[in-house]
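Undergrad: Give me the fold of what follows.
(chains A, B, C and D)
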Number of protein chains: 2
Amino acid sequence: MSEAPLFSTKQRILGAAEDLFARHGFAGASLRQVTTAANVNLAAVNYHFGSKDKLIEEVFRRRLDELNARRMAALACVTAKSKASLEEVLDAFITPALELSLDRSGGSAFVRVLARAYAEHNEHLRKFLSDNYGHVLREFAGAFAKLLPHLDKEELYWRLDIVAGALTYAMADFGVIKRRHGQSERDFRERAAQHLIRFAAAGLRE
Amino acid sequence: MSEAPLFSTKQRILGAAEDLFARHGFAGASLRQVTTAANVNLAAVNYHFGSKDKLIEEVFRRRLDELNARRMAALACVTAKSKASLEEVLDAFITPALELSLDRSGGSAFVRVLARAYAEHNEHLRKFLSDNYGHVLREFAGAFAKLLPHLDKEELYWRLDIVAGALTYAMADFGVIKRRHGQSERDFRERAAQHLIRFAAAGLRE
DNA sequence: CTAGAATTCAAACGATCGTTTGAAGGTTGG
DNA sequence: CCAACCTTCAAACGATCGTTTGAATTCTAG
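TA: Just a heads-up that it's a prediction; the model follows:
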């Protein structure tokens, strides 16, 4: 249970599944594609995870546990000060996602998987994500509420909804902007995050 | 070719496909589900459209032809004046999508299908959309460029990318905001569009 | 009315899907 | 060494996938 060797069968399946779910969707990527890419036997998925649905959940859990822990830590660090700025709270939410997207091997695939999860209006998946990680979003909503007292609750939720959309979309690399020749992936993504923070801060402040 | 009876086999297939693609994705919705929902024989899809891929393209074409014609008309109407405001150009882009999402039966499903198309990084689909409707986006980019001369080209494209993401996300109803009891669908969506325009205008101006 | 085209139909094609099985292989503690 | 796992393996399960076929049916023009 506690063991997690870097190249174990389970980890190779999770890595291959993450990549293929990002590229072809949950329904579009078959377990045969996944196990072939992971160089493991087809039956290994059902042996280690139980079913395709459970595998999908585990793909999320592996990354989101750490991502949300980092977000909560960053938020706690920011709100510890008496006067946190809007940009700092946005940064506490966005930068961990940015770093995840830069994680060697898999991180950038995962942010696209996350965006797929939004596109899927799948009730089961939404409930799983809401149950496991909803408290993080509520925590951040509270921090924003303190910083934007002129906005009533409805107004605030509207704007956070828009920010979440722009973030999901931008991190998943859906847009038309392409990395320029000679520009590093890290530099490109950091620039994207900066633009996003400035844009979101302006839109939230109004 | 020119005939398009409201409840013809072709139209019923397109309507059912739109709804099921929105709910389950392109790979997740089968032709048997589609034809059953449309109350049509399974073979009718390949008879009328040739293949599932061609059906997908036709689902887009049916709505996007009109949507983009309305956007271009609204943009032309706005830019005809010597001094168009940023909000007016945003409105020219957003309002036609809003109206589409309010179109009785199908429109609100289609905006979710559009969002799915973004999540699919499918090369074939992206090329089809870019080939057929890329000129509309370039036209709007030009209009924004005139209104935001202080932004260099790269900066402008970054921000438009973010706006497009927020728009796609918001129209597809991915967010957490739910319509309140007693509030009409139209009122709800118009409010969403208003918030979006104000937010985007603030973010673009900086 | 009727010949011919257009459309719908039930049935089947081979391919691939997620999942299960039972035997073979590998590892570990007594 | 061997008995007890744990893991991997090839093979197959029934179900469902997109697509095709050829006959039945409906529509339409002369």
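
Undergrad: so which helix or strand takes in the most centrally placed residue in chain A?
TA: Geometric centre of chain A, nearest residue: residue A:111, 4.8 Å, by Cα atoms, centre = their mean. For residue A:111, the host element (DSSP states H and E) is helix A:107-119.

Undergrad: Can you confirm whether that helix lies near chain B?
TA: Yes: remark: helix A:107-119 sits within contact range of chain B at A:112, A:115-116, A:118-119, by Cβ under 8 Å from any Cβ of the partner chain. The C-beta positions use only the backbone N, C-alpha and C, and glycine is treated the same way.

Undergrad: ok, and what's touching stretch A:82-99?
TA: With Cβ atoms under 8 Å, 6 or more residues apart in numbering or on different chains as the test, stretch A:82-99 has contacts from A:67, A:70-71, A:74-75, A:77-79, A:107, A:111, A:140, A:143-144, A:147-148, A:163, A:167, A:171, A:189-190, A:192-193, A:196-198, A:200-201, A:204-205.

Undergrad: Next to DNA strand D, which bits of chain A? Give me the list.
TA: Counting by Cβ under 7 Å from any atom of the strand, the positions of chain A adjacent to DNA strand D are A:8-9, A:40-44, A:47-48.

Undergrad: Write the PyMOL selection for whichever of those are buried.
TA: Of the residues of chain A next to DNA strand D, the buried ones go into a single PyMOL selection, burial set by 16 or more other Cβ atoms under 10 Å in any protein chain shown:
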select buried, chain A and resi 9+40+44+48
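
Undergrad: tell me the two of the residues of chain A next to DNA strand D that are most distant?
TA: By the measure Cβ to Cβ, A:8 and A:42 form the most distant pair in the residues of chain A next to DNA strand D, at 17.1 Å.

Undergrad: What is the end-to-end distance of stretch A:76-95?
TA: In stretch A:76-95, first residue to last residue: 14 Å (Cα to Cα, to the nearest Å).

Undergrad: now that stretch, how far from the chain's geometric center?
TA: 19 Å (Cα atoms, centre = their mean, to the nearest Å).

Undergrad: just stretch A:197-206 next, same as before
TA: What separates the centre of stretch A:197-206 from the centre of its chain is 21 Å, taken as Cα atoms, centre = their mean.

Undergrad: what about burial for the contacts of stretch A:82-99, which qualify?
TA: Buried subset of the contacts of stretch A:82-99 (neighbour count, 16+ other Cβ under 10 Å): A:67, A:70-71, A:74-75, A:78-79, A:107, A:111, A:140, A:143-144, A:147-148, A:163, A:167, A:171, A:189, A:192-193, A:196-198, A:200-201, A:204.
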